[in-house]
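In: Below: sequence and its predicted model.
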Amino acid sequence: MKILFTTVCNDKYIDGALVMLHSMKTNIKQFRECDVKFFHSPGIADLSKSNMKKIKEVAPNVIFEEVDPNNYMPAKIPGAGNRAPECKSAYLTLESFKETEYDKVILFDIDMLCIGDVSELFEYDVEYGQVGVNTGLVVLGKKYRTQEVYDGLIEMIHTHNGNGMDQGILNDYFRGREEPIPRIFNHYPLYEMNVDSRIIHWAHYDHIKPWVVDEWKDKVELFQGKPPYNNPDPTIGNIPTMLCKPAFDLWNQYYYDIRELIEEK
């Protein structure tokens with residue numbers, strides 16, 4: 001079976017990308033037999049040659065595809081909070097629907113950590129599978145990977161109000177056709193992580209990601225014993241609490257394995 005993983009990355013997310021790839025290589029038995037495609041685009045998701053080199057050092061099976069930005073320049077982003085303009089890069093996920101040569105395509109977000117084998121997803125009999133409304137991980141069969149579907153999704157960019165970005169478009173397009181897959185493959189919130197979790201997700205782009213903790217630790221008090229997601233500051237995003245710390249500690253374990261590569265920046 002021919003499997004493709006797809007994701008989107010820019011230079012600001014490179015640490016997350018390297019750690020996620022390392023965790024996938026560590027835990028997915030068939031990972032080296034799969035292709036992995038990174039979508040990037042000038043002015044939307046800039047990815048430097050030096051960062052591409054680091055990615056290939058972690059996972060030689062990565063393919064880089066530069067996407068013409070013209071389809072994505074009109075895309076809107078939510079105006080609230082600290083959601084930066086580069087979040088427009090999320091829409092590049094839609095390029096996955098052009099990948100017709102594979103038996104299965106699995107979209108994944110770069111702000112995830114793979115902590116168990118997900119190979120059973122390769123055999124799932126779904127055409128469009130996701131966990132709830134979150135599109136951080138989507139399993140695509142062949143049915144919807146067509147030029148017609150791709151064109152329809154790209155056309156929606158022009159009318160979409162920006163809420164949820166690519167997730168908003170996908171949920172609107174596939175409403176009523178989505179097929180549930182177990183939450184263990186896209187486990188969020190972080191504090192609900194358990195022994196069965198295969199992938200954990202720092203879901204929502206206004207949350208403090210593990211690779212920027214050092215940037216925030218002198219500005220806000222992290223990992224307090226407060227309820228999770230309690231009245232987040234819109235200029236910061238949700239601040240990780242003590243209940244989230246085990247997930248951050250796990251991310252750091254994988255980070256330390258490749259820290260020399262990351263610290264070359």
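Out: Noted; the coordinates are in hand. No experiment lies behind these values; they were computed from the predicted model shown.
In: use CA for all of it now, contacts and neighbours both
Out: OK.
In: For Asp151, grab the count of nearby residues.
Out: For Asp151, the count of nearby residues is 13 (other CA atoms under 10 Å).
In: Go ahead and list the helix or strand containing it.
Out: helix 147-156 (DSSP states H and E).
In: can you list the residues that contact the helix or strand that comes right after that helix?
Out: Using DSSP H and E, the helix or strand that follows helix 147-156 towards the C-terminus is helix 166-173. For helix 166-173, the external contacting residues (CA atoms under 8 Å, 6 or more residues apart in numbering) are 90-94, 133-135, 153, 156-157, 160, 162.
In: In JSON lines: those residues, plus neighbour count and pLDDT.
Out: Output for the contacts of helix 166-173, formatted as JSON lines (neighbours: other CA atoms under 10 Å; pLDDT from 0 to 100):
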{"residue": "Ala90", "neighbour count": "25", "pLDDT": "93"}
{"residue": "Tyr91", "neighbour count": "27", "pLDDT": "96"}
{"residue": "Leu92", "neighbour count": "24", "pLDDT": "97"}
{"residue": "Thr93", "neighbour count": "22", "pLDDT": "97"}
{"residue": "Leu94", "neighbour count": "22", "pLDDT": "98"}
{"residue": "Val133", "neighbour count": "13", "pLDDT": "96"}
{"residue": "Asn134", "neighbour count": "17", "pLDDT": "96"}
{"residue": "Thr135", "neighbour count": "22", "pLDDT": "97"}
{"residue": "Leu153", "neighbour count": "20", "pLDDT": "98"}
{"residue": "Met156", "neighbour count": "16", "pLDDT": "97"}
{"residue": "Ile157", "neighbour count": "20", "pLDDT": "95"}
{"residue": "His160", "neighbour count": "18", "pLDDT": "93"}
{"residue": "Gly162", "neighbour count": "18", "pLDDT": "89"}
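In: Between those, which sits nearest Val118?
Out: Comparing these against Val118 with CA to CA places Thr135 closest, at 16.3 Å.
In: element containing that closest one, please.
Out: Element membership of Thr135 [criterion: DSSP H and E] is strand 134-140.
In: So which bits of stretch 126-145 are buried?
Out: Across stretch 126-145, burial judged by 16 or more other CA atoms under 10 Å covers 126-131, 134-142, 144-145.
In: sorry, back to before: I'd like to check the angle between the helix holding Asp151 and helix 166-173, please.
Out: 120 degrees (axes from the mean of the first three to the mean of the last three CA atoms, to 10 degrees).
In: ok, Tyr254 - contacts?
Out: 19, 22-23.
In: Return the closest of those residues with respect to Ala45.
Out: Ala45 has its nearest neighbour among the contacts of Tyr254 in Val19, at 18.6 Å by CA to CA.
In: With Asp68 as the reference, measure out to the closest one.
Out: 27 Å (CA to CA, to the nearest Å).
In: Looking at those two now, which is surrounded by more residues?
Out: Applying other CA under 10 Å to Val19 and Asp68 shows that Val19 carries more neighbours, namely 29 against 13.
In: The more buried one reaches Tyr255, doesn't it?
Out: Yes: look at Val19 against Tyr255 with CA atoms under 8 Å: they come within range, at 5.7 Å.
In: Low-confidence regions, the stretch 1-150 of the chain specifically.
Out: 79-86 (pLDDT under 70).
In: can you pull out the helices in it?
Out: 14-27, 49-58, 147-156 (DSSP state H, counting those that start in this stretch).
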